[in-house]
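Student: The following block contains a protein sequence and its predicted model.
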Amino acid sequence: MDAFRELRAYLVPLVRAPGSPSQGPALSRVNDLARSAPPAPRAVPGADGTLVRRLDGPPGRDALIGAVARDAVDLLTDPAARASLRQCEGDNCPIVYVDASRGRRRRWCSSEICGNRERVARHRRRTAALTRA
């Protein structure tokens, strides 16, 4: 679990502060992690006899971290995907997400969590304003 947290810590400056001086060491480490061998796929007969893809055994931790790091490299180097990165507008929410919504106007990482908290806070502010008036 610590290795995944380490990867996340290195991704933070790459996502939030592109072009900053702290990006060099973080970029180097993410690239190093992305070099690990991916889980190997192999073709095997499926239930109906057609070939299906399966992993050649369970992937190890390094392979999983490498897959996540490679996905991050793909995301950070794709201008369209990079332009869709958004910071959650929820109070004290550190989550960054890819906004794939229609109209690209999503505001929260989760409508059920951060969005609901914002709606409840807005309702409380309106209710408090009405009781003071």
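Tutor: Perfect, I can see it now.

Student: And the lowest-mean-pLDDT helix or strand in the chain, how far out from the chain middle?
Tutor: The weakest-scoring helix or strand in the chain, judged by mean pLDDT, DSSP states H and E, is helix 116-132 (a mean of 85). Between the mean C-alpha location of helix 116-132 and the chain-wide mean there is a distance of 31 Å, by Cα atoms, centre = their mean, to the nearest Å.

Student: Look up phi and psi at R54.
Tutor: Per-residue torsions, R54: phi -130, psi 150 (degrees, to the nearest 10).

Student: Pull the number of nearby residues for the closest residue to it other than its chain neighbours.
Tutor: Distances taken as Cβ to Cβ, 6 or more residues apart in numbering place V44 nearest to R54, at 5.1 Å, with adjacent residues excluded. C-beta coordinates here come from the backbone N, C-alpha and C atoms, glycine included. Neighbours of V44 under the rule other Cβ atoms under 10 Å: 10.

Student: how about V44, what does it touch?
Tutor: By Cβ atoms under 8 Å, 6 or more residues apart in numbering, the contact set of V44 is L51, V52, R53, R54.

Student: What are the boundaries of the helices in the chain?
Tutor: 2-16, 23-34, 61-77, 79-83, 116-132 (DSSP state H).

Student: Export these as CSV, with columns for distance to R106.
Tutor: Below are the helices of the chain laid out as CSV (distance: least, Cβ to Cβ, whole Å):
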stretch, distance to R106
helix 2-16, 16
helix 23-34, 25
helix 61-77, 16
helix 79-83, 14
helix 116-132, 13
